[in-house]
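Chemist: Sharing a model that was predicted from the sequence below.
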Amino acid sequence: MQQYTLGRALQAGDTLGIVAPSAPLDETRFQAGLSFLHSLGLRTRCGRSVQERWGYLAGTDDVRAQDINEFFADPAIDGILCMRGGYGAARLLPLLDFDDIARHPKLFIGFSDITALRTALRQRSHLATIHGAMLTGLGGKATRYTYEQFAEGLANPAMAGPVRMPRGHHLETLVEGVVQGILAGGNMMLISSLIGTPYELDGQGQILFLEEIGEEAYSIDRMLCQFEQSGLIDRIAGLAFGEFTRCHPVKPAEGEWTVREVIGQYVRRWGKPAIWGLPYGHDRHNGWLPLGMPAHLIAGKEDASLVLG
């Protein structure tokens, strides 16, 4: 099993670098997010991209990529947190210095559009990264679970043990089975967009984690079909589904399938162990999930679990 390096734990007095690889600043939630980080005793330093705007992006591609390269290389920066998602992270991949990043492993935290960066960093720099709340999410209407997960994850990045669920939530089995493998994946649209590029997800023997927001069932169907026909599903060992937020028809039609029904059709055909209901994605509950680290997926007839480490 391929091994990846996870950045060290952070503690009070450490400096978290803030980068904006995708969409530009949301000032209100930005300040509230910084206040939360400072309440944990962390120092923060913002990259140039945080205060810039270039169309619908937080600065030019060169500026946004330079922030990431410089923060990995800078010994005064102890970890890196993305400001927000949106669009634009994939544009940075040819501009990143993956060899230098590999020489300076650090916690790298983000999700959604940041899936493109996380995937490339794992495969090119052998770096385990974190699906976790971003700065503007921490400054928004996150739940107590999300804040606790983030604080605990900084202190214990590997989060070894069974995934802790929010109160009232539980995992469900879609396809029975037990499998071990490296966790990989993230936002479906980003994984789909990387297929056919030099940065596409390899997936060999891995547990594929998937989440999405704002896509109707037919769009989810299209991406699952692409995963299947591109050979990705042949390579993976199992599937773990997170939050599918606002993934319902704008104008429902009689007899239209739900996202859950579409996913069920595909995973039953694939026959690989699959679970549903992980608290990771675009909902108010958004936990800390180390990708690039080993996990044990248990999809039983009566219950299901995902054990990290």
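Modeler: Great, that's in hand.
Chemist: quick one, helices of the chain?
Modeler: For the chain, the helices defined by DSSP state H cover 27-39, 61-73, 98-103, 115-125, 135-138, 144-155, 188-194, 217-230, 232-235, 259-270.
Chemist: mind giving me the domain ranges of the protein?
Modeler: 5-155, 161-308 (automatic domain parsing).
Chemist: Quickly compare the ones you listed and say which is most buried.
Modeler: When the domains of the chain are scored by mean count of other Cβ atoms under 10 Å, the highest mean neighbour count falls to domain 5-155 (a mean of 20). Where C-beta positions appear, they are placed from N, C-alpha and C, glycine not excepted.
Chemist: Please report the separation between the first and final residues of it.
Modeler: 16 Å (Cα to Cα, to the nearest Å).
Chemist: what do you get for stretch 89-104?
Modeler: Between the opening and closing residues of stretch 89-104 lies a distance of 20 Å (Cα to Cα).
Chemist: State the mean pLDDT of that stretch.
Modeler: Taken as a whole, stretch 89-104 has an average pLDDT of 98.
Chemist: ok, now stretch 159-168?
Modeler: Per-residue pLDDT values over stretch 159-168 give a mean of 96.
Chemist: distance between it and the chain's centre?
Modeler: Once both centres are worked out by Cα atoms, centre = their mean, to the nearest Å, stretch 159-168 turns out to sit 17 Å from its chain's centre.
Chemist: can I get the CA coordinates of it in CSV?
Modeler: These are the backbone C-alpha positions of stretch 159-168, laid out as CSV (Å, rounded to 0.1, in the frame of the first residue of the first chain):
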residue,chain,number,x,y,z
MET,A,159,-8.0,11.1,13.5
ALA,A,160,-7.4,7.3,14.0
GLY,A,161,-10.4,5.3,14.9
PRO,A,162,-14.1,5.0,13.8
VAL,A,163,-15.4,8.2,12.1
ARG,A,164,-17.4,10.1,14.8
MET,A,165,-20.9,11.0,13.5
PRO,A,166,-23.0,14.0,14.5
ARG,A,167,-25.8,13.2,16.9
GLY,A,168,-28.7,11.6,15.1
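Chemist: Looking at the helices of the chain, which is nearest to residue 10?
Modeler: Go through those one by one with Cβ to Cβ and the one that ends up closest to residue 10 is helix 144-155, at 4.6 Å.
Chemist: follow-up on the earlier one: compare the helices of the chain and give me the one nearest residue 295.
Modeler: Once those are compared by Cβ to Cβ, helix 115-125 is nearest, at 14.1 Å.
Chemist: helices or strands next to the closest one in the packing?
Modeler: The helices and strands touching helix 115-125, judged by 3 or more Cβ pairs under 8 Å, 6 or more residues apart in numbering; DSSP states H and E, are helix 98-103, strand 107-109, strand 127-131, strand 177-187, helix 188-194.
Chemist: One more pass at 6 Å, please.
Modeler: Judged by 3 or more Cβ pairs under 6 Å, 6 or more residues apart in numbering; DSSP states H and E, helix 115-125 is in contact with helix 98-103, strand 127-131.
Chemist: Same list, the helices of the chain, but as JSON lines with distance to residue 206 please.
Modeler: Rendered in JSON lines, the data for those read as follows (distance: least, Cβ to Cβ, whole Å):
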{"stretch": "helix 27-39", "distance to residue 206": "31"}
{"stretch": "helix 61-73", "distance to residue 206": "24"}
{"stretch": "helix 98-103", "distance to residue 206": "19"}
{"stretch": "helix 115-125", "distance to residue 206": "10"}
{"stretch": "helix 135-138", "distance to residue 206": "26"}
{"stretch": "helix 144-155", "distance to residue 206": "21"}
{"stretch": "helix 188-194", "distance to residue 206": "12"}
{"stretch": "helix 217-230", "distance to residue 206": "13"}
{"stretch": "helix 232-235", "distance to residue 206": "8"}
{"stretch": "helix 259-270", "distance to residue 206": "14"}
